[in-house]
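In: Here is a sequence with its predicted model. Questions after.
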Amino acid sequence: MALNGFVLVVTAEGVIFYSSHTIQDYLGFHQTDVMHQSVFELIHTEDQQEFRRNLHWALNPPACVSEEAPTDGEQEMTSSSLVTYDPEHLPPENSSFLERNFVCRFRCLLDNSSGFLALSLQGRLKFLHGQNRHLEGGGQVPPQLALFAIATPLQPPPSWRSAPRT
């Protein structure tokens, strides 16, 4: 069965950790162009707060979260830019509190009408293990929550709408 969309993994800070290569079929961006970039650069201004809310386990993000994403070479995090959670203060990983289902408009290079494509994001917050990130003091950053989601268009992608049906 083919996936009608693409996989997206976004850290609590809003950095795209992973995107499947099929993002190009829906938004026109190459997979390597979006990975390790801020997801907020791709999201319509009016939908950014909704996306930010869904990155927080209690749908209540702190107001002081930095909008700036680390650059490719920047693996060291400051304690002020890192969103950390103590696993003991979170619902269990199988909790329905960590499930997400929301709609957001993403920049789309394939759409000449509005430049955005409305996507339904369905997934859950899970711990992202295997990060090799360090705090300013040299300590290892503990695993952090990230949104693991499948993004599917509410309508067929623009490239499919104009394609002749056989």
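Out: Everything's here; your move.
In: Remind me what the longest helix seen in the chain packs against, helices and strands.
Out: Secondary structure of the chain per DSSP state H: the longest helix is helix 48-55. Judged by 3 or more Cβ pairs under 8 Å, 6 or more residues apart in numbering; DSSP states H and E, the packing partners of helix 48-55 are strand 99-107, strand 144-153. To be clear about C-beta, it is placed using only N, CA and C from the backbone, and glycine gets the same treatment.
In: Tell me which residues of the first one come out buried.
Out: Applying a neighbour-count criterion of 16 or more other Cβ atoms under 10 Å, one finds 100, 102, 104, 105, 106, 107 buried in strand 99-107.
In: from the residues you listed, which has minimum pLDDT?
Out: pLDDT across the buried residues of strand 99-107 is at its lowest for residue 100, which sits at 91.
In: Now that one: closest residue in space that isn't a chain neighbour?
Out: residue 54 (5.0 Å; Cβ to Cβ, 6 or more residues apart in numbering).
In: contacting residues for the one you found?
Out: Residues near residue 54 by Cβ atoms under 8 Å, 6 or more residues apart in numbering: 100, 102, 121, 147.
In: tally of neighbours for the third one?
Out: It stands for residue 121. Neighbouring residues of residue 121 were enumerated by other Cβ atoms under 10 Å; the total is 21.
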